[in-house]
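Novice: sequence plus predicted model, see below.
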Number of protein chains: 2
Amino acid sequence: MSDLVTGIGLVAGALTSLAAVPQVVRTWRTGHARDISIWQPVLLTIGMVLWLVYGIVLNDLPLILANAFSIACYALLIVMKVRYGDDGRLPRRERSAG
Amino acid sequence: MSDLVTGIGLVAGALTSLAAVPQVVRTWRTGHARDISIWQPVLLTIGMVLWLVYGIVLNDLPLILANAFSIACYALLIVMKVRYGDDGRLPRRERSAG
């Protein structure tokens, strides 16, 4: 029973953690973060640091692993959002055309 | 001690849950979801349903409240992403200009 519950938590943690990956990849590929609210990754990062503390105090492995990974992903997303702004990543080669 | 830990969990849950709100609001206001990867809300929703089950089994209030609210927000985001597509919401009045 306890193993099953931990299993559910681990799968849940894996999914919610991995959820950040396609967003990070898409933002990196397109060079655009216009439609992303910066408050989402900012609030998620702060919240997940607290979840991490919560998980450490409760010694809850799914919470610890899930949040440590997500924090890294959302930190990357914040950096890209700030750097790309509303105009997107500066296209070095494409710019020569116009 | 137990109250403090539950408190940390509740604040963490509130922050990670509320994180979805500015994104939902921004997507609704701008009518654009181009830069959002649909896999993010999809994976988050599936994962959070499992977190909800995990929270219910463990009778963990922060996990239950946080995930129930987030699931609703990300479901809304999925609907908007699908409806807006890459072109954004059709601007009915603005379209008359050209």
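Specialist: Done, it's in. Residues are numbered from 1 along each chain as shown, chains lettered A, B, ... in the order given.
Novice: make it CA atoms for all contacts and neighbour counts henceforth
Specialist: OK.
Novice: what ranges does chain A have for its strands?
Specialist: Counting by DSSP state E, chain A has no strands to list.
Novice: spell out which parts of it neighbour chain B.
Specialist: A:5, A:8-9, A:11-16, A:18-23, A:26-27, A:30, A:32-37, A:39-51, A:53-54, A:57 (Cα under 8 Å from any Cα of the partner chain).
Novice: swap the cut-off to 7 Å and go again
Specialist: Listed as neighbours of chain B in chain A under the rule Cα under 7 Å from any Cα of the partner chain: A:5, A:8-9, A:12-13, A:15-16, A:19-20, A:22-23, A:26-27, A:32-37, A:39-40, A:43-44, A:47-48, A:50-51, A:54.
Novice: can you tell me which of those residues are buried?
Specialist: Buried members of these, scored by 16 or more other Cα atoms under 10 Å in any protein chain shown, are A:8-9, A:12-13, A:15-16, A:19-20, A:22-23, A:26-27, A:32-37, A:39-40, A:43-44, A:47-48, A:50-51, A:54.
Novice: okay, now the unreliable bits of chain A?
Specialist: Counting by pLDDT under 70, the ranges of chain A that qualify are A:1, A:91-98.
Novice: just give me the residue right at the centre of it.
Specialist: residue A:74 (3.0 Å; Cα atoms, centre = their mean).
Novice: which ones are touching the closest residue in space to that residue that isn't next to it in sequence?
Specialist: Using Cα to Cα, 6 or more residues apart in numbering or on different chains and skipping residues adjacent in sequence, the residue nearest residue A:74 is residue A:41, 5.3 Å away. Contact analysis of residue A:41 by Cα atoms under 7 Å, 6 or more residues apart in numbering or on different chains lists A:74, A:77, A:78.
Novice: nearest to residue B:61, of those residues?
Specialist: Residue B:61 has its nearest neighbour among those in residue A:74, at 25.2 Å by Cα to Cα.
Novice: surely the closest one touches residue A:43?
Specialist: No: applying Cα atoms under 7 Å as the test, residue A:74 and residue A:43 come out as separate, 9.7 Å apart.
Novice: quick one, what contacts residue A:32?
Specialist: Applying Cα under 7 Å, 6+ apart to residue A:32 gives the contacts A:84, A:88, A:89, B:35.
Novice: quick check: phi and psi at the nearest residue to residue A:31 once chain neighbours are set aside.
Specialist: Spatial nearest neighbour of residue A:31, chain neighbours left out: residue A:89 (4.8 Å); criterion: Cα to Cα, 6+ apart. With angles defined as degrees, to the nearest 10, residue A:89 sits at phi -70, psi 140.
Novice: contacts for the longest helix seen in chain A?
Specialist: The residue-count maximum for a helix in chain A (DSSP state H) belongs to helix A:61-84. By Cα under 7 Å, 6+ apart, the residues outside helix A:61-84 that reach it are A:9-10, A:13-14, A:17, A:20-21, A:24, A:31-33, A:38, A:41, A:45, A:48, A:51-52, A:55-56.
Novice: would you mark the buried spots in it?
Specialist: Within helix A:61-84, the residues that count as buried by 16+ other Cα under 10 Å are A:62-71, A:73-75, A:77-78, A:80-81, A:83-84.
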